[in-house]
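J.: okay, structure incoming, though there's no sequence with it:
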């Protein structure tokens, strides 16, 4: 049995005849690399890395888009015995100062010695590399070639570093071993097989620096070995139908995406684009990495039923970077479980069923080998234990001690078990504290998500006390489809009706304004910080929109990059 990523790649190259990676362009043309091709290209890069002074255990950042060069660099680092650190490449030229600052911080946190990039990316990265000053600098991966080399790693060695999403704090370097990664991959594969979904071919548009894209898609295909069709995330955002068309074309039984992707398909995919598409073979439509909205699931199932999609295929899941990826999966044999709970009781930490309460989607039961600790019938902290829990935060022992105790990982999430199923109700650090009571920001965000004119999944709710105020007030930030003077008032009414909370401020933003993590999650704390600092300023070429709210008279709306919504 393969016990490291390198041995998995060698095994796939040896026995995976006819299997490999397919890269799709905007015209749906595919270029294919077999696993043997990928292995040979990576071995040449490994030799080049050795010649440049990279040694086992060294950190090598991989800053590349979805393309063959990403795998040259990533698996080249693996075969060199180095520790690859996949980071997100710049997808547009706006907000480069913020990008350089975050990237430099991640390079420094992982103590990266060398950065591998592409030609265009290599030029843009200059400022971030200058700030972090890695020993061996930054080079295009195309320039790194040498005699084929393969280091023999051990299962307990570090295999890679992936950065946590950083929704409530700076992104943290999660250190994963070969053994931990493969334990999670095997657990997911077991779930797939139990569901009757033997993955011979899969499809993913998820970014390769993201755990669901790299571990949940690439590594699962590598371990099988199977074939995997890859769609660049920026192309998915423009043409989401490409994802569904590829699933149909390849008869893929399993494909995953965050909640917003299902909403995007429901909204953007035209009937004409679905001609000849058959989604009947899609057995597991995994939905995770951000809160799962029951309304989104229902709309997606109804929209695509005529093309063979089955409601039972929708599979809400739960996971996090610190647990490698997968923690719980829903039962694929039944439709996703939804229950309503009294909102006021949840705010007090109690779980009380209510016919007209807030609707939550269950994320199922633990995957094989993973234990989940959460209260039964009361809201509390969710903890996870198992072989795929991270080795720790790289070079951060104090943070590691705070996160892991007696083998249990403190996830930072809140939730509970009900009838043996896990429900996630929110993040501990994102809780809204208003008039002494706790409220989940997701409840507010879901309320405005259904308001006409609001972009789906593009809302942030935070609590804040201004210097001259006596108490915390609710601030709601939403991205609008277009200029709409009445949108803020409609959002306020929707929040008040759904939650009983009266926002002190509703900020209407242009598309792509809310700051997100590298995986696409909205950073609520960062949204408030940027707003209060005034550092979110509109481009000169766009007429600024006005706000509504008691604190908002005469204030300008703020803006953010648009393509980051392609990621989790």
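T.: Cool, got the structure. Predicted model only: the values in this text are computed from it and were never measured.

J.: quick check: which element contains residue 106?
T.: Secondary structure from DSSP states H and E places residue 106 in helix 96-109.

J.: before we move on, what about residue 41?
T.: Counting by DSSP H and E, residue 41 is found in helix 35-51.

J.: any residues touching the next helix-or-strand element following the helix holding residue 106, and which ones?
T.: The first helix or strand that comes after helix 96-109 along the chain, using DSSP H and E, is strand 112-117. Defining contact as CB atoms under 8 Å, 6 or more residues apart in numbering, one finds that strand 112-117 is touched by 49, 52, 54, 58-64, 73, 76-77, 85, 89, 107, 125, 129, 132, 134-141, 144. C-beta: built from backbone N, CA, C; applies to glycine.

J.: of those residues, just the buried ones, PyMOL syntax please.
T.: To isolate the buried subset of the contacts of strand 112-117 in PyMOL, counting by 16 or more other CB atoms under 10 Å, use the following:
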select buried, resi 49+52+54+58+59+60+61+62+63+64+73+76+77+85+89+107+125+129+132+134+138+139+140+141+144
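
J.: which of the contacts of strand 112-117 fall in strands?
T.: 59-63, 85, 138-140 (DSSP state E).

J.: nearest to residue 260 among those residues?
T.: Nearest to residue 260 among the ones in strands among the contacts of strand 112-117: residue 63, at 24.1 Å, using CB to CB.

J.: now that closest one: how far from residue 116?
T.: As for residue 63, its distance to residue 116 is 7 Å (criterion: CB to CB, to the nearest Å).

J.: what does residue 127 give?
T.: 17 Å.

J.: looking at the two, which is more packed in?
T.: residue 116 (31 against 15; other CB atoms under 10 Å).

J.: state the pLDDT value of that one.
T.: pLDDT, residue 116: 97.

J.: so it bridges to which residues?
T.: residue 62, residue 139 (DSSP bridges).

J.: same check on residue 476?
T.: Beta-bridge partners, per DSSP bridges, of residue 476: residue 461, residue 506.

J.: contacts only, for it.
T.: Counting by CB under 8 Å, 6+ apart, residue 476 has contacts 444, 448, 459-461, 491-492, 495, 503, 505-507.

J.: domains of the protein?
T.: The chain breaks down by automatic domain parsing into domains covering 5-153, 181-199+232-429, 433-566.

J.: dump those domains to a markdown table, plus distance to residue 211.
T.: Listed next are the domains of the chain as a markdown table, based on distance: least, CB to CB, whole Å:
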| stretch | distance to residue 211 |
| --- | --- |
| domain 5-153 | 10 |
| domain 181-199+232-429 | 5 |
| domain 433-566 | 8 |
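
J.: of these, which shows the lowest average pLDDT?
T.: Among those, domain 433-566 scores lowest, with a mean of 70.

J.: got phi/psi on residue 276?
T.: phi 80, psi 0 (degrees, to the nearest 10).

J.: ok, now which ones touch it?
T.: residue 248.

J.: again, but for the one 3 residues further on
T.: Listed by CB under 8 Å, 6+ apart, the contact partners of residue 279 are 244, 247-248, 304, 307-309.

J.: nearest spatial neighbour of it, chain-adjacent residues omitted?
T.: Leaving aside its chain neighbours, residue 279 sits nearest to residue 309 (4.1 Å; criterion: CB to CB, 6 or more residues apart in numbering).

J.: can you map out the helices along the stretch 401-550 of the chain?
T.: 441-449, 487-499, 524-533 (DSSP state H, counting those that start in this stretch).

J.: I'd like to know which elements the longest one is packed against.
T.: Using 3 or more CB pairs under 8 Å, 6 or more residues apart in numbering; DSSP states H and E as the contact test, the elements touching helix 487-499 are helix 441-449, strand 473-480, strand 505-509, strand 548-549.

J.: let's see 10 Å
T.: helix 343-347, helix 441-449, strand 454-464, strand 473-480, strand 505-509, strand 548-549 (3 or more CB pairs under 10 Å, 6 or more residues apart in numbering; DSSP states H and E).

J.: for that helix, which residues meet the burial criterion?
T.: 487-488, 490-492, 494-495, 498-499.

J.: one step back: so what sits against both of residue 63 and residue 116?
T.: Counting by CB atoms under 10 Å, 6 or more residues apart in numbering, the shared contacts of residue 63 and residue 116 are 70, 73, 85, 122, 138, 141.
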